[in-house]
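>>> Sequence first, predicted model second:
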Amino acid sequence: MPIETDVAVLGGGPGGYTAAVRAAQAGRSVVIIEKEKLGGTCLHRGCIPSKALLRSAEVHATVRGSEAYGIRVSPDGVAVDWPAVMSRKQAIVDQLHRGLAALMKQHRIRVLEGSGRIIGPSIFSPRSGSVAVELAGGESEMVVPRHLIIATGSRPRRIEGLPYDGHTVVTSDEALSWETMPRSILIVGGGVIGVEWASMLSDFGCKVTLVETAERLLPGEDRDISAELHKSLQKRGVAIHTGARLDTDSVRLAEDGVTAEIETSAGGKAALSAERMLVSVGRQGNVEGIGLENTDIKTARGFIAVDPQTLQTGERHIYAIGDCIGGVQLAHAAMHEAAVAVDHLLGAPVPTVRSADRDIPRCVYSRPEAAAIGWTEAAAKASGFDVKTARVPMRVLGKALVFGEPEGFAKVVADRATGDLLGIHLVGAHATDLIAEASLAKLLDAVPWEIGRAIHPHPTLSEALSEVMAALEGAGHV
């Protein structure tokens with residue numbers, strides 16, 4: 001017999017499980033279909049494991065520099081135990097996975113472990129949206145929902161022609177399972193993932209070379225953020241080539257690693273070699289093999305097309321959220337979209353409104369961290385705003401000096417005519433935590449002077465926001 005349910009969710013990542021819980025909390029019956037493990041890419045191959053490794057790298061770098069804090073450590077007493085690093089990472093992932101399984105049971109959400117494929121109108125339903133599920137054990141189930149939410153996520157984009165082997169030439173998926181730490185690495189792609197891995201591996205003592213085709217690292221972020229992280233990574237020994245293109249035909253696996261050539265920004269060529277190569281050139285939506293051809297759902301540029309306000313697809317009872325629809329491919333964006341979709345299908349009297357992509361916080365968990373929300377200075381000017389900006393270095397904060405992490409700055413971009421807050425950009429210790437205040441300010445439509453006059457405790461890193469807002473209003477550092 002088919003499983004009839006109010007809501008079926010195809011994909012158990014952050015967007016999927018958030019949608020499932022939200023619908024269940026509203027009293028709806030819910031089935032979630034996941035082909036691998038609850039938690040999706042974020043928990044098993046992305047956010048959580050990579051941040052666990054970044055934290056281990058940060059601790060290693062701190063211990064190596066402990067003399068600056070008055071703590072002496074013998075040079076022979078600091079070493080990276082890679083198996084222990086990976087074991088800690090996996091323990092965190094496993095704990096969170098168990099928590100998710102318990103959450104599903106708590107809300108009486110049925111979880112089917114298997115691959116789901118949408119079928120068209122059939123004896124089960126007069127409209128598309130039923131899901132045929134091939135279970136892990138070889139059996140099958142048919143799920144017939146009133147509403148379907150597609151949350152199938154994304155996977156690393158690959159460059160055609162490279163000799164991927166799962167160990168020497170890899171994407172971030174395979175790198176998270178390395179049994180040994182590389183002594184040297186060539187990272188292709190200077191976006192968020194590439195910068196985070198460059199920071200992490202350099203802190204572990206790995207020799208890092210980073211290649212980016214754009215003129216600067218993190219090309220989607222404010223130029224000041226790009227420049228600050230470029231300077232920090234270079235200071236730590238990372239070799240950075242921007243405006244450079246990898247010659248894919250030149251890539252060769254060798255006995256001791258990989259060799260390649262790049263076309264440099266000056267028009268010449270440079271030969272590079274490393275023990276391993278990590279390719280981090282973006283992500284593509286998981287939209288194949290899920291039965292979209294059996295529906296009126298359309299795709300655009302490899303992602304599912306949705307109504308930007310409701311997240312409905314071409315089939316109005318089918319929604320799509322998260323990485324598979326493109327835009328800001330972040331876990332918290334998918335969770336926000338889950339709330340929008342579920343509220344809409346429930347007919348909530350005060351539904352959650354989808355935020356514009358620029359109003360979703362963007363984080364880089366490198367050392368130092370970077371975070372931003374809203375317009376970059378260049379984008380604001382290009383959109384016709386007459387902007388005014390202010391920037392305050394983190395080194396003016398007592399807490400930053402106490403932490404021994406004075407790198408970075410806080411920057412605000414505002415509309416000169418109205419005073420409206422357009423964007424906030426942070427680089428420094430715990431920037432990814434500090435950006436939450438800026439996100440709240442954007443939601444409440446706060447203006448800079450309101451944030452500046454809010455009392456921030458001293459000494460804290462949060463003072464960066466009050467200081468930069470005061471600077472924008474013409475008040476100097478106190």
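Looks like it came in fine.

>>> how about the nearest residue to Leu218, chain neighbours excluded?
Distances taken as Cβ to Cβ, 6 or more residues apart in numbering place Ser226 nearest to Leu218, at 4.9 Å, with adjacent residues excluded. Where C-beta positions appear, they are placed from N, C-alpha and C, glycine not excepted.

>>> That neighbour: neighbour count?
Other residues near Ser226 come to 24 when the count uses other Cβ atoms under 10 Å.

>>> Nearest residue to the middle of this structure?
Here the mean C-alpha position of the chain is nearest to the C-alpha of Leu330 (Cα atoms, centre = their mean), at a distance of 4.3 Å.

>>> Give me the phi and psi for the residue nearest to Leu218.
When quoted as degrees, to the nearest 10, the phi and psi of Ser226 stand at phi -60, psi -50.

>>> contacting residues around it?
Listed by Cβ atoms under 8 Å, 6 or more residues apart in numbering, the contact set of Ser226 reads 216-219.

>>> hmm, which of those are the buried ones?
Buried by 16 or more other Cβ atoms under 10 Å: 216-218, out of the contacts of Ser226.

>>> Please identify which of those is nearest to Trp82.
In terms of Cβ to Cβ, no member of the buried ones among the contacts of Ser226 lies closer to Trp82 than Leu217, at 26.5 Å.

>>> With only the CA atoms kept, save stretch 98-112 in PDB.
Output for stretch 98-112, consisting of C-alpha atoms alone and laid out as PDB, is shown next (Å, rounded to 0.1, in the frame of the first residue of the first chain):
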ATOM      1  CA  ARG A  98      22.100  11.000  16.400                       C
ATOM      2  CA  GLY A  99      20.500  14.200  17.500                       C
ATOM      3  CA  LEU A 100      18.700  14.600  14.200                       C
ATOM      4  CA  ALA A 101      17.400  11.000  14.300                       C
ATOM      5  CA  ALA A 102      16.000  11.600  17.800                       C
ATOM      6  CA  LEU A 103      14.400  14.900  16.500                       C
ATOM      7  CA  MET A 104      12.600  12.900  13.800                       C
ATOM      8  CA  LYS A 105      11.300  10.400  16.300                       C
ATOM      9  CA  GLN A 106      10.200  13.200  18.600                       C
ATOM     10  CA  HIS A 107       8.000  14.800  15.900                       C
ATOM     11  CA  ARG A 108       6.800  11.400  14.500                       C
ATOM     12  CA  ILE A 109       8.400  12.100  11.200                       C
ATOM     13  CA  ARG A 110       8.800   8.900   9.100                       C
ATOM     14  CA  VAL A 111      12.200   8.600   7.600                       C
ATOM     15  CA  LEU A 112      12.700   6.500   4.400                       C
END
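
>>> residues touching the closest residue in space to Gly189 that isn't next to it in sequence, list them.
On the basis of Cβ to Cβ, 6+ apart, the spatially nearest residue to Gly189 that is not a chain neighbour turns out to be Ser280, at 3.8 Å. Shown in contact with Ser280 (Cβ under 8 Å, 6+ apart): 156, 171-172, 187-189, 191, 193-194, 197.
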